[in-house]
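# Sharing a model that was predicted from the sequence below.
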Amino acid sequence: MATQIPISTVIVRTAVEADIPALTEFIKPFVDERKLLPRTFDEFTDLLPNFFVAEREGRIVGCAALEIYSWKLAEIRSLAVAPETQGLGIGRKLVQACLDRAHEHKILEVMAITSSDAFFQSCGFDYTLPGEKRALFIQTRDL
């Protein structure tokens with residue numbers, strides 16, 4: 001069960017370079033569970049302008065990044081919320097920060113590759129692209 005903390009005590013802000021060690025440690029359990037891909041220092045650095053952290057009392061309780069591929073497409077990546085604070089709206093605040101950044105950059109579409117379909121659907125995501133288009137993927141590491 002999630003700790004009952006007021007969501008107003010959680011601050012979402014853009015990450016800074018000094019956050020990278022704490023972010024590396026924060027996502028480690030999610031990487032170990034194969035829920036997130038590991039991130040190198042260089043990847044964190046590249047994503048910093050669009051990487052967000054959720055903090056409560058100076059402690060990271062969530063993170064998410066918006067990776068911008070072009071003016072047409074960006075992806076929400078590395079979304080994670082501390083297990084003891086899940087279900088309190090922190091993930092939703094992080095997704096909104098990413099969507100706001102996409103809107104600032106006039107990005108046409110934002111995608112999420114996830115195992116938490118229901119969460120992203122509750123944030124307004126859907127399985128289809130406009131019209132009858134679909135996104136298809138192939139994992140080349142297995143070819």
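Sure, I can see it.

# switch to C-alpha atoms for all contacts and neighbour counts from now on
OK.

# Tell me which helix or strand Thr24 sits in.
Taking DSSP states H and E as the definition, Thr24 sits inside helix 20-32.

# where's that helix relative to the chain centroid, distance-wise?
Centroid separation for helix 20-32 versus its chain: 13 Å, with CA atoms, centre = their mean, to the nearest Å.

# What helices and strands are in contact with it?
For helix 20-32, the packing partners by 3 or more CA pairs under 8 Å, 6 or more residues apart in numbering; DSSP states H and E come out as helix 41-47, strand 59-68, strand 73-81.

# looking at this, Thr128 is in a helix?
No. Looking at Thr128 with DSSP: H, G, I helix; E, B strand; the rest coil, it is coil, so not inside a helix.

# what mean pLDDT does stretch 112-123 have?
Mean per-residue pLDDT for stretch 112-123: 90.

# Grab the longest helix from the protein for me.
The longest helix of the chain (DSSP state H) is helix 90-104.

# hmm, who's touching that one?
7, 10, 12, 50, 52-54, 62-66, 68, 74, 76, 79-81, 110, 123 (CA atoms under 8 Å, 6 or more residues apart in numbering).

# Any buried residues in that helix, and which?
The neighbour-count check on helix 90-104 (16 or more other CA atoms under 10 Å) flags Ile90, Gly91, Arg92, Lys93, Leu94, Val95, Ala97, Cys98, Leu99, Arg101, Ala102 as buried.

# Tabulate these in TSV, adding columns for distance to Arg134.
Formatted as TSV, those follow (distance: CA to CA, whole Å):
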residue	distance to Arg134
Ile90	29
Gly91	25
Arg92	25
Lys93	27
Leu94	25
Val95	22
Ala97	25
Cys98	22
Leu99	21
Arg101	24
Ala102	21
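
# Tell me which two of the residues you listed sit farthest apart.
Farthest pair in the buried residues of helix 90-104 (CA to CA) is Ile90 and Ala102. Separation: 18.6 Å.

# re earlier: narrow the contacts of helix 90-104 to just the buried residues.
Neighbour counting with 16+ other CA under 10 Å marks 10, 12, 50, 52-54, 62-66, 68, 74, 76, 79-81, 110 as buried within those.
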